[in-house]
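Enquirer: Got a sequence here, can you build the structure:
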Amino acid sequence: MPQKNKSTTSCGTIQASGPDSGEPPAERSETDLGDLEIIKSPSDPKKYRYFELTNGLRALLISDLSQVHSDEQDGDSKDSDCCTGVRKKKKGRSEKQSAAALCICVGSFSDPEDLPGLAHFLEHMVFMGSEKYPAENGFDAFLKKHGGSDNASTDCERTIFQFDVQRKYFREALDRWAQFFICPLMIEDAIDREVEAVDSEYQLAKPSDSHRKEMLFGSLAKPKHPMSKFCWGNAQTLKHEPKEKGTNTYERLRDFWRRHYSAHYMTLTVQSRETLDTLEEWVREIFTKVPNNFEPRPDFSNLQDPFDTPHFCKLYRVVPVRKIHALTISWALPPQGKYYRVKPLHYISWLIGHEGTGSILSMLRKKCWALALFGGNSETGFDQNTTYSIFSISITLTDEGYQNFYQVIHLVFQYLKMLQKFGPQQRTQRCTTSHNMMPITEPRVEINAFACACVQVISRALALLTPERANLLLLSPEHEGLCSLKEKWFGTQYSVEDVAGEWGEQWAGDFPLNPELHLPAENKFIATDFTLKTSDCPDTEFPVKIIDNSRGRLWFKKDKKFKIPKAYIRFNLLTPLIQESPENLVLFDIFVNILAHNLAEPAYDADVAQLEYKLMPGDHGLVVRLKGFNHKLPLLLELIVDYLADFTTTPDVFSMFTEQLKKTYFNILIKPERLGKDVRLQILEHSRWSVIQKYQAVVKNLTVDDLMLFVAKFKAEMFVEGLVQGNFTSAESKEFLQYFIKRLQFQPLPAEPPVLFRVVELPQKHHLCKVQSLNKGDANSEVTVYYQSGLKNLREHTLMELLVMHMEEPCFDFLRTKETLGYQVYPTCRNTSGVLGFSITVETQATKFSTDFVETKIEEFLVNFGEKLSNLSAEAFQTQVTALIKLKECEDTHLGEEVDRNWFEVVTEQYLFNRLNKEIEALKQMTKAELVSWFMEHRGAQNRKLSIHVAGFGEVEKGLHGDSQTCADPAGNTGDARSSSYGEVSKLTFLPASVALAGATAITDIRAFTSSLTLYPYHKILA
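Expert: Okay, here's the model as predicted:
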């Protein structure tokens, strides 16, 4: 980023009125001026300032004194039984978190050859206390106490740190955080312990096919090129090998910090509701102390063309962890980062990834050869750095597509040749800017000259995407036993071969274009009317019910806050049919997948026009979600309902998705965290069918006739409930529900459909369900200890949130930092179909600890935490209460957040739209005695405790259970290298508890255990 001195002559921008909150707005001064040279949106009310400190550190300040009126995408829904974080309140607050991020221009490329992963390890170690604030987890503890969070990541050429916290504590948080870069302790005692956290992170990543592909791809680089480095680091590279070689990791770590954590490598961004002058004063006061070593920053730009080797342009067959057929075609291009304004790879990927008529995916879907296609460059350090840029096209193949993968590749090459022939088109150019590496200020460019530059840059990149330069990576379980090579770090099995002769010869010549491939057509979904509509009903703070009859119910709220020409439409098509049997659940999944497949091409133009939709198979109904510019959103809704009403399919498409579902269920079950959740909910929720039961059902001989009969029944009777928010009138919103009724012609249900499961009341003693992981090659284990509270009200739910908030940092400090049990360690507030509880989860490895040992440590923590809670000062208690209140008072930053919160109330049929107001009022009245009593209630002799263990494969677990660790192998083998690595997932293998958990009652038959238990009535968490 070019250096830019602070502007002293610029003037401020137009400002909105100050915030209305519990804290006074920052006072403004005549000198609090933003930099005019900084390019920003005309509608952005924030003010910016950029300057450089005397030590070379560059800083961008963002003063945000306005109400937020932006609209970014909403997040996906969370697990059904997990409290969805702290949901944000709508009215009467303008609370905002303050935040900061710092980028250091150093990453894993700078790792010493003899200490792979050192940059990543250092990112971990700087968190472990400083000279000024020596407590090991002091910064995390400070943030948790004041409603904040933090994170960090190490890339190839940069390391990024970030945090957010309440505005009131931002100044102190900045000072604590800056010590990472001024005077971190990095004591020797902490090194061995934190190496285990790095190793655990690596072990969790090992079963990921995407990470395995990256490491294999990097290994194809030229010898000694940094692309081939092992960036993760693990216990082998950072602990065991250094000890064997006499290398002092502690000294090398400090040397690395002194050499690379230098102020002139750093760029800082801070944002808060303070004036620019105040922010500048803080930054200068705190960050001027960051040392500058005056060494030149690492530069790898002379190491270009890392993949210009004879090994690159070949076909690599890979054995994946998941059951999936996938093809990735990649090209190594010169670095494209300098073209951030043109973004040539984004332009090409937009065309490659198009799903409308004439596209690659459209043709592949018609042949039933592919399910999905993604193309482009992710702009991570691996995909784009100073040595090269990657362009990849990844295609999820069907079984038939795998058999015809060369034809699939040929189709891609034909499309690229067509693009090269016609060149960039003005109608489809998307010359967008990027926040990555772009200068804060830059000269304006004449539009025609810029367009001409776009064409040249795009054409140069496009010309390099030729068959002879491509790397082909083909993943399939069919390759098992055929791949003799193994990647060093992740153990990925692969083989390498030349491209088949006839295809190589054809691609080397002037092969013909495919006449069915062409550029996208004009788009009828592009909005042209951006008028804000006049409301046709009284304004309300919360959604109101505008339709309620035997066929449906509709909630509506006209947006008056964000004032944008966008809207959200959500409907839930409820029917008890779905949960009648595992077969019905499978047919429902197939139905939703095929419906989405049928819509993919006709609805793709809507996606291009920034109209988004999702079809989601819920537990009790089909959820239809739409959002975008309201002008053409009704067109998209009508298209979806029409395809639903006229649903049809073919045997080939049915077979394609049935086979894919088998793989999907398998891939879910081989993940320890997903298997643990499946087991826990199968125990707790009565009549819930497990993923294993769905897998058993999908391997049966279901037919197209079964599907069409299910769909007919589904459409015959249902109840439709919806929510419309944004720039629509109530009259328009009513038409949406009427369209469902008109086109589907369904009858009312004979009884109100459930939206929750009945939940079992656990016995008042400790029960343990320990199962073996269904992935024989995975050492990762998971332990979840769950305490059931029962049927509780809103106040007790809020009390549970407060308890978990108190627990988060001590849990991390005890179980991860001190005991080094695993990388993922966390407590969670659980809302399981309206029944309250909390849990603690640790993800560990069977090569290090048994799950039984981990549970004993969780128990130790809870004893320790109980003592700390009892000794908690009144001030500390009140600080945590205030932090939770402030989080709940944070204003919505976009309309989607408000919609998500209201939709949760609709889809659970609780309709407590002012829930946050009530939770805040409850918090204000809580006492420490109440919190301590609540915790001890769960720890007494009458507690309802359920432990779920998923045991990975490793020597520690095998020492407990012996050969029972191999009994999931359907062939009856006991670890023979010739046996399949894909285990049987159609049944659970229950393992006994060790002596350490002798007091727990083992569950070895879930249905037998739950059949005798009392069921709680349906329950909603209300006031």
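
Enquirer: Helices along the stretch 551-700 of the chain, start to end?
Expert: Using DSSP state H, counting those that start in this stretch, the helices of the stretch 551-700 of the chain run over 582-600, 604-608, 633-645, 651-669, 672-684, 691-698.

Enquirer: I'd like to know which of those helices is closest to Phe181.
Expert: Comparing those by their distance to Phe181 (CB to CB), the top pick is helix 672-684, with 33.9 Å. C-beta here means a position set from N, CA and C on the backbone, and glycine is covered the same way.

Enquirer: I'd like to know which elements the closest one is packed against.
Expert: The criterion is 3 or more CB pairs under 8 Å, 6 or more residues apart in numbering; DSSP states H and E, and the helices and strands that helix 672-684 contacts are helix 651-669, helix 691-698, strand 766-772, strand 780-790, strand 835-845, strand 944-951, helix 1006-1011.

Enquirer: What mean pLDDT does the shortest one get?
Expert: Read that as helix 1006-1011. Per-region confidence: helix 1006-1011 scores 96 on mean pLDDT.

Enquirer: roughly how far out does it sit from the chain middle?
Expert: For helix 1006-1011, the separation from the chain centroid amounts to 34 Å (computed by CA atoms, centre = their mean, to the nearest Å).

Enquirer: buried residues in it?
Expert: When burial is assessed from 16 or more other CB atoms under 10 Å, helix 1006-1011 yields the following buried residues: Ile1006, Phe1009, Thr1010.

Enquirer: these two touch, right, the second one and Ile1003?
Expert: So the one you mean is Phe1009. Yes: applying CB atoms under 8 Å, one finds Phe1009 in contact with Ile1003, separated by 4.8 Å.

Enquirer: Please point out which parts of the lowest-mean-pLDDT helix or strand in the chain sit buried.
Expert: Least confident helix or strand, the chain: helix 447-463 with a mean of 80, by mean pLDDT, DSSP states H and E. Of the residues in helix 447-463, those with enough neighbours to count as buried (16+ other CB under 10 Å) are Cys454, Val455, Val457, Ile458, Ala461, Leu462.

Enquirer: what's the answer for stretch 339-348, then?
Expert: Under the neighbour-count rule (16+ other CB under 10 Å), stretch 339-348 has Tyr339, Tyr340, Arg341, Val342, Lys343, Pro344, Leu345, His346, Tyr347, Ile348 buried.

Enquirer: Now it - C-alpha only, PDB.
Expert: Taking only C-alpha atoms (Å, rounded to 0.1, in the frame of the first residue of the first chain), the coordinates of stretch 339-348 have been written out as PDB:
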ATOM      1  CA  TYR A 339      -5.100  -5.300 -11.000                       C
ATOM      2  CA  TYR A 340      -7.400  -5.000  -8.000                       C
ATOM      3  CA  ARG A 341      -9.500  -2.300  -9.700                       C
ATOM      4  CA  VAL A 342     -10.200  -4.400 -12.800                       C
ATOM      5  CA  LYS A 343     -10.400  -7.800 -11.000                       C
ATOM      6  CA  PRO A 344      -9.900  -9.800 -14.200                       C
ATOM      7  CA  LEU A 345     -10.300 -13.200 -12.400                       C
ATOM      8  CA  HIS A 346     -13.600 -12.100 -10.900                       C
ATOM      9  CA  TYR A 347     -14.900 -11.200 -14.400                       C
ATOM     10  CA  ILE A 348     -13.900 -14.600 -15.800                       C
END
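
Enquirer: low-confidence ranges in the stretch 401-550 of the chain?
Expert: Residues of the stretch 401-550 of the chain that meet the criterion pLDDT under 70 lie in 426-451.

Enquirer: same thing with the stretch 901-1023 of the chain?
Expert: Low-confidence segments of the stretch 901-1023 of the chain (pLDDT under 70): 963-980.
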